[in-house]
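Chemist: Got a predicted structure plus its sequence, pasted below:
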Amino acid sequence: MKLLFAIKGLHQAAGGAERVIGDVCSHLADQHGHDVSVLTFDRPGAAPFYPLSRKVRLIQLGIGDSRAPTSMRTLVRRIHALRQAVGSEAPDVVVAFMHSMFIPMSFALAGTRIPLVASEHIVRGYYRSRRVQFALFAAAIPFISRVTVLSESIAREYPRWIQRKMVTVTNPISPSFRKKVESSKQEDPCRILSIGRFSERKGHATLLAAFASLAHEFPGWSLRIVGEGVQRPVLLREAKRLGLQDRVSLPGAASDVAQELADASFFALASKYESFGLVIIEAMACGKASVALADCQGVSDVIDDGETGLLVRGTDPIKSMADGLRSLIISKRQREEMGRLARKRVFTRYSIEQVCDRWESILRNVCRPAQQL
């Protein structure tokens with residue numbers, strides 16, 4: 001098949017969806033033999049943050065700032081450019097990642113016979129305070145053949161008329177990440193690690209407060225939060241105010257996530273919502289137990305509570321998180337047993353081979369009706 005994948009940007013974009021599109025496209029080209037291209041709005045010549053196979057062709061339209069919110073004027077320009085680019089490529093199917101790409105792509109392909117698969121990587125809750133974005137999503141549905149979501153529980157949150165077009169496909173463990181894990185030496189240095197962009201929904205402030213409540217009880221432990229974002233300076237000031245600047249480190253983005261995980265005792269995530277706990281399965285791949293909030297859907301779909309990690313519950317997220325941290329801090333045996341089981345399960349459920357076989361099935365089913373027209 002001739003496949004055209006599309007995402008808003010790959011340059012200086014270190015998110016989970018950007019990593020997944022690179023891994024999936026590379027595997028479909030290298031191992032399944034498909035003709036694969038990836039289209040972005042990045043400026044021509046801008047290097048992707050994550051590597052792509054040499055067999056994957058990169059198309060960069062250079063319209064607007066791919067890292068900034070999209071104005072209506074830019075949206076109109078992008079729709080016109082997408083229609084021209086896809087017409088020139090003439091793919092068997094288009095796969096657009098994230099609503100920032102699949103919404104304009106759906107309007108660009110209106111009236112054509114090219115099937116479109118929209119790959120959604122967030123939960124329904126994201127749209128509750130973004131009614132205009134959800135209205136555009138709903139308006140795009142008639143032009144979309146399938147919508148992929150990351151779990152059945154996410155699909156059930158949408159209206160039934162949208163659910164009818166939804167299929168599930170999880171994110172994979174990156175092959176390059178797996179190689180790094182296998183070559184890294186695992187440590188247990190009394191360090192709690194969290195990874196994620198510094199935004200309110202990631203809950204880093206909750207995690208910092210939970211750790212602060214335990215700091216005097218466990219003086220040999222430290223907290224490390226890896227990532228970038230607008231709230232990072234705020235948390236740096238808060239750590240200093242709490243007198244924890246020597247025990248809380250916020251080093252910025254990490255180029256080697258596998259090594260960060262290898263150098264941690266266990267992983268903690270206080271996100272309010274996640275579409276899929278990609279960083280959790282990476283922690284699992286490193287043999288690390290995890291603690292997270294039970295009402296964070298994308299994470300609770302991944303962690304088997306009490307087996308591969310802890311899902312903490314309660315009306316006070318700071319106290320709940322502190323209780324989970326304490327449980328893993330005081331029991332190295334529990335950390336190790338959970339970590340061993342986590343590593344065993346993650347490579348069974350989330351291998352790149354399994355995930356791309358699922359993509360293969362979805363894409364072939366979408367292409368058949370179009371090819372019969």
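Modeler: Received, thanks.
Chemist: domain parsing for this protein?
Modeler: When the chain is parsed into structural domains using the TED database, the resulting residue ranges are 2-172+352-367, 176-349.
Chemist: would you list those in TSV and tack on mean neighbour count and mean pLDDT?
Modeler: Just so you know, the C-beta spots here come from the backbone N, C-alpha and C atoms, and that holds for glycine as well. As requested, the domains of the chain are exported to TSV (neighbours: other CB atoms under 10 Å; pLDDT from 0 to 100):
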stretch	mean neighbour count	mean pLDDT
domain 2-172+352-367	18	93
domain 176-349	19	91
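Chemist: if I've got this straight, Glu228 is in a helix?
Modeler: No. Counting by DSSP: H, G, I helix; E, B strand; the rest coil, Glu228 is not found in a helix; it is coil.
Chemist: Name the nearest residue to it, ignoring sequence neighbours.
Modeler: The shortest distance from Glu228 to any residue other than its chain neighbours is 4.9 Å, reached at Ala253 (CB to CB, 6 or more residues apart in numbering).
Chemist: any idea which helix is longest in this structure?
Modeler: Scanning the chain for the longest helix, with DSSP state H as the assignment, gives helix 352-371.
Chemist: Packing partners of that one?
Modeler: helix 16-30, strand 93-97, strand 116-119, strand 146-149 (3 or more CB pairs under 8 Å, 6 or more residues apart in numbering; DSSP states H and E).
Chemist: ok, residues contacting the helix or strand just after the second one?
Modeler: On the C-terminal side of strand 93-97, the closest following helix or strand by DSSP states H and E is helix 99-108. Defining contact as CB atoms under 8 Å, 6 or more residues apart in numbering, one finds that helix 99-108 is touched by 6-8, 70, 75, 78-80, 82-83, 86, 94, 96, 116, 118-120, 122, 133, 136-137, 140-141, 143-144.
Chemist: try stretch 9-22
Modeler: Against stretch 9-22 from outside (CB under 8 Å, 6+ apart): 5, 7, 38, 40-43, 46-52, 58, 66-67, 97-98, 119, 121, 171-172, 174, 197, 253, 276, 278-279.
Chemist: What strand or helix carries the closest residue to Ala108 other than its chain neighbours?
Modeler: Nearest non-adjacent residue to Ala108, counting by CB to CB, 6+ apart: Leu82, 3.7 Å away. When elements are defined using DSSP H and E, Leu82 is found to belong to helix 72-89.
Chemist: Put the alpha carbons of that helix into PDB.
Modeler: This file holds the C-alpha atoms of helix 72-89, laid out as PDB (Å, rounded to 0.1, in the frame of the first residue of the first chain):
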ATOM      1  CA  MET A  72      -8.300  30.600  11.200                       C
ATOM      2  CA  ARG A  73      -6.300  32.200   8.400                       C
ATOM      3  CA  THR A  74      -3.500  29.600   8.800                       C
ATOM      4  CA  LEU A  75      -6.100  26.800   9.000                       C
ATOM      5  CA  VAL A  76      -7.600  27.800   5.600                       C
ATOM      6  CA  ARG A  77      -4.100  27.900   4.000                       C
ATOM      7  CA  ARG A  78      -3.300  24.500   5.400                       C
ATOM      8  CA  ILE A  79      -6.500  22.900   4.100                       C
ATOM      9  CA  HIS A  80      -5.700  24.200   0.600                       C
ATOM     10  CA  ALA A  81      -2.100  23.000   0.800                       C
ATOM     11  CA  LEU A  82      -3.100  19.600   2.200                       C
ATOM     12  CA  ARG A  83      -5.500  19.000  -0.700                       C
ATOM     13  CA  GLN A  84      -2.800  19.800  -3.200                       C
ATOM     14  CA  ALA A  85      -0.200  17.700  -1.500                       C
ATOM     15  CA  VAL A  86      -2.400  14.700  -1.100                       C
ATOM     16  CA  GLY A  87      -3.600  15.000  -4.600                       C
ATOM     17  CA  SER A  88       0.000  15.000  -5.800                       C
ATOM     18  CA  GLU A  89       0.900  12.000  -3.700                       C
END
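Chemist: quick one, it and strand 93-97 angle?
Modeler: Our comparison of helix 72-89 with strand 93-97, counting by axes from the mean of the first three to the mean of the last three CA atoms, to 10 degrees, yields an angle of 150 degrees.
Chemist: for helix 72-89, packing partners?
Modeler: Helices and strands in packing contact with helix 72-89 are listed as strand 2-6, strand 35-40, helix 99-108; criterion 3+ CB pairs under 8 Å, 6+ apart.
Chemist: quick one: His217 from His27, how far?
Modeler: One correction, residue 217 is Glu, not His. Distance check for Glu217 against His27: by CB to CB, to the nearest Å, it reads 46 Å.
Chemist: same thing with Ile330?
Modeler: For Ile330, the distance to His27 equals 41 Å [CB to CB].
Chemist: ditto for Gln186
Modeler: 27 Å.
Chemist: swap in Val117?
Modeler: Counting by CB to CB - Val117 and His27 are separated by 16 Å.
Chemist: Equivalent analysis for Glu18, please.
Modeler: Counting by CB to CB, the gap from Glu18 to His27 is 15 Å.
Chemist: for Glu274, same thing?
Modeler: 23 Å.
Chemist: Same question for Ser176.
Modeler: Noted for Ser176: a distance of 11 Å to His27, by CB to CB.
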